[in-house]
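Visitor: model the following, please.
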Amino acid sequence: METLILVVALMLASVLLVGVGDRIRLPWPALMVLLGVAVAVIPGLPDGFEIDPHLILPLFLPPLLFATAQRTSWSLFRARWRSIALLAVALVAATTAVVAGTAMALIPGIGLSAAIALGAMVAPPDPVAVEAVAGSVRIPRRLLAVLQSEGLFNDATALVVFQAAVLATVQGSDLSAGGLLLRFVLGAAGAVLLGLGVAWAARAIVDRITTELGRSALTLVLPFAVYLLAEEVHASGVVAVVVLALQLRATTSADAAQERLMQGSFWDVVELLVTGVAFGLVGLSLREVVTDAGDRLPTMLAHALLIALVAFAVRAVWMAAAVLAVRRSPDATAAPRSGREAVVLTWCGMRGLATLALALSLPASTDDGAAFPARTEILLIACTVLVLTLLLPGFTLPTLVRVLGVAEDAADEHAAEERVVQTARDAAMTTVLQHQHLPNLPEHAAAVLHERFGHLEAVLRGDTLSAEDRERLETMQRTRVVVAGIQADALAAARHAVLQARRQPGVDPEAADRVLRRLDQRTVLLD
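Guide: Prediction:
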């Protein structure tokens, strides 16, 4: 019961802090972390959080990954596969290696495999944290797209390394680089096939569900189902969820306007509540860690600060090198293209849910009954890195963006959206001009409006209409039906054009989604 009360309280706090964050212009997930820390020090609360640590990832990660992945597109990933490989795989591996080496030098008796497990915990930036913090700051869409793409896939790399390192520590065996690589490749390939298969099956099921409510409910079940199924067959649950979301978004019907609006609102609420609970747990988890540290807390904190600095330095060096590579790239949307953009991407390496879940899932002992090496210090280091990389950027990113002068150009954003708007407008007008009923419409729409409202008073009074008035009213009704039909066809053509444009390389999915949402709203109002 205490756990349930705590979860409900965190949900309520999330709703309230969204408004507070908007008023004081600070990211509300960072405020949730502070709230969690404040709650954690309140005397009388139960020690620790009673949810099984092994349930944290399956409970929180699938819906948050699904919600984030829906905002991007296959074309964006095809255009940026090199960046994804360098950031989500190579950078995670490099950070893991450097952090593991630093931990072995600082922490007596930690061992290689336990140190690698620590490195895998703190290596991957979190897509939800990035979206919550950087998404509210007007940085160029190129930078935000790079951060989103990185965050969607780096958890897969970290999970493979972490699981192998923990297994080696528990069993007392050695890690194999070749085995890790093979496991990662097979897991990713299997997850892609699984995600595509579940998306195909889900689309077939959705087409047979007659209510938008049922279809929206199915989208809530699917991320959990595909994640658990992937983990069961030893594939990557992270990759499977992302592939599922991308494929479902790519195959959505242009005519499903009401379904898209309902699912959009539904997932906004889900994402808000799940994110709030997840980041509230970050602060609450510190209580048990600090208690277990005891007198060694100052030394452990010093180690944690040094490892956080090392992780930051690795990302900074990597982004500086990326500038040189991107400048030679023909892709105008690639990032970072300057030192200032590299600083922003470095500062936006926020850790989050994956780091917390991996830290809390560490076993207490090995197979031979011995305590897991340096478990308390590993937990403290992971939580410290998480809090520092989340709170510092969360409270300073707007100022940093303003000082560096890399704030998003409103003209550029408007131009990206305007290109999609123009595509929709052209498709709609082409349909209108080709409509077979167009020659039969009255020449002046004002005459129709005059007739309609000229008799409104008499109709409201209940007066009997003359034969001539009834004929005029019937003509107006027929005209209205024809006009509504033409408008519906034009809106359908516009929706098809926007969805087609969204799949094209170089089109910002966020801009296309904004235009599509307005078209969907107009369509529902017309219906």
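Visitor: let me see the mean pLDDT of stretch 485-497.
Guide: When pLDDT is averaged over stretch 485-497, the result is 81.
Visitor: pLDDT below threshold where in the stretch 1-150 of the chain?
Guide: Where the stretch 1-150 of the chain drops to pLDDT under 70, the residues are 1-2, 40, 42-53, 135-136.
Visitor: what segments of it are helices?
Guide: Assignment of helices within the stretch 1-150 of the chain using DSSP state H, counting those that start in this stretch yields the ranges 2-24, 28-40, 56-69, 74-79, 81-84, 92-106, 112-122, 127-134, 141-171.
Visitor: CSV for those helices, including distance to L218 and mean neighbour count?
Guide: Any C-beta I mention is one placed from the backbone N, CA and C, and that applies to glycine too. Formatted as CSV, these follow (distance: least, Cβ to Cβ, whole Å; neighbours: other Cβ atoms under 10 Å):
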stretch, distance to L218, mean neighbour count
helix 2-24, 23, 14
helix 28-40, 28, 22
helix 56-69, 12, 23
helix 74-79, 21, 17
helix 81-84, 28, 16
helix 92-106, 33, 21
helix 112-122, 33, 27
helix 127-134, 22, 26
helix 141-171, 22, 23
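Visitor: nearest to V198, out of these?
Guide: With Cβ to Cβ, the closest approach to V198 among the helices of the stretch 1-150 of the chain belongs to helix 56-69: 11.7 Å.
Visitor: who touches that closest one?
Guide: For helix 56-69, the surrounding residues in contact (Cβ atoms under 8 Å, 6 or more residues apart in numbering) are 51, 127-128, 131, 148, 151-152, 155, 219-220, 222-224, 226-228, 231, 237-238, 241-242, 244-246, 249, 267, 270-271, 274-275, 277-278, 281, 353-354, 356-358, 360-361.
Visitor: out of those residues, which end up buried?
Guide: 127-128, 131, 148, 151-152, 155, 219, 222-224, 226-227, 231, 237-238, 241-242, 244-246, 249, 267, 270-271, 274-275, 277-278, 281, 353-354, 356-358, 360-361 (16 or more other Cβ atoms under 10 Å).
Visitor: so what's R296 closest to, chain neighbours aside?
Guide: If the residues on either side of it in the chain are set aside, R296 comes closest to E377, at 7.7 Å by Cβ to Cβ, 6 or more residues apart in numbering.
Visitor: so that neighbour versus D292, what's the distance?
Guide: 9 Å (Cβ to Cβ, to the nearest Å).
Visitor: counting neighbours, go ahead and name the busier of those two.
Guide: E377 (24 against 17; other Cβ atoms under 10 Å).
Visitor: tell me the secondary structure for the more buried one?
Guide: helix (DSSP: H, G, I helix; E, B strand; the rest coil).
Visitor: give me the pLDDT for it.
Guide: In this model, E377 carries a pLDDT of 90.
Visitor: can you pull the contacts of it?
Guide: Listed by Cβ under 8 Å, 6+ apart, the contact partners of E377 are I107, I110, A293, R296, M300, H303.
Visitor: equivalent analysis for L281, please.
Guide: Counting by Cβ under 8 Å, 6+ apart, L281 has contacts L10, G36, F49, I56, L356.
Visitor: any buried residues in stretch 314-334, and which?
Guide: V314, R315, A316, W318, M319, A322, V323, V326, T333, A334.
Visitor: then stretch 270-290 to PDB, C-alphas only?
Guide: The C-alpha coordinates for stretch 270-290 follow below in PDB (Å, rounded to 0.1, in the frame of the first residue of the first chain):
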ATOM      1  CA  VAL A 270       0.900   8.500 -20.500                       C
ATOM      2  CA  GLU A 271       4.300  10.100 -21.200                       C
ATOM      3  CA  LEU A 272       3.800  12.800 -18.600                       C
ATOM      4  CA  LEU A 273       2.800  10.500 -15.800                       C
ATOM      5  CA  VAL A 274       5.400   7.800 -16.500                       C
ATOM      6  CA  THR A 275       8.200  10.300 -16.800                       C
ATOM      7  CA  GLY A 276       7.100  12.000 -13.500                       C
ATOM      8  CA  VAL A 277       7.200   8.700 -11.600                       C
ATOM      9  CA  ALA A 278      10.500   7.600 -13.200                       C
ATOM     10  CA  PHE A 279      12.300  10.900 -12.300                       C
ATOM     11  CA  GLY A 280      10.800  10.900  -8.900                       C
ATOM     12  CA  LEU A 281      12.400   7.500  -8.300                       C
ATOM     13  CA  VAL A 282      15.800   9.000  -9.100                       C
ATOM     14  CA  GLY A 283      15.700  11.200  -6.000                       C
ATOM     15  CA  LEU A 284      14.100   8.600  -3.800                       C
ATOM     16  CA  SER A 285      16.700   6.000  -4.700                       C
ATOM     17  CA  LEU A 286      19.400   8.200  -3.200                       C
ATOM     18  CA  ARG A 287      18.200   7.700   0.400                       C
ATOM     19  CA  GLU A 288      19.100   4.000   0.600                       C
ATOM     20  CA  VAL A 289      22.400   4.600  -1.200                       C
ATOM     21  CA  VAL A 290      23.500   7.400   1.200                       C
END
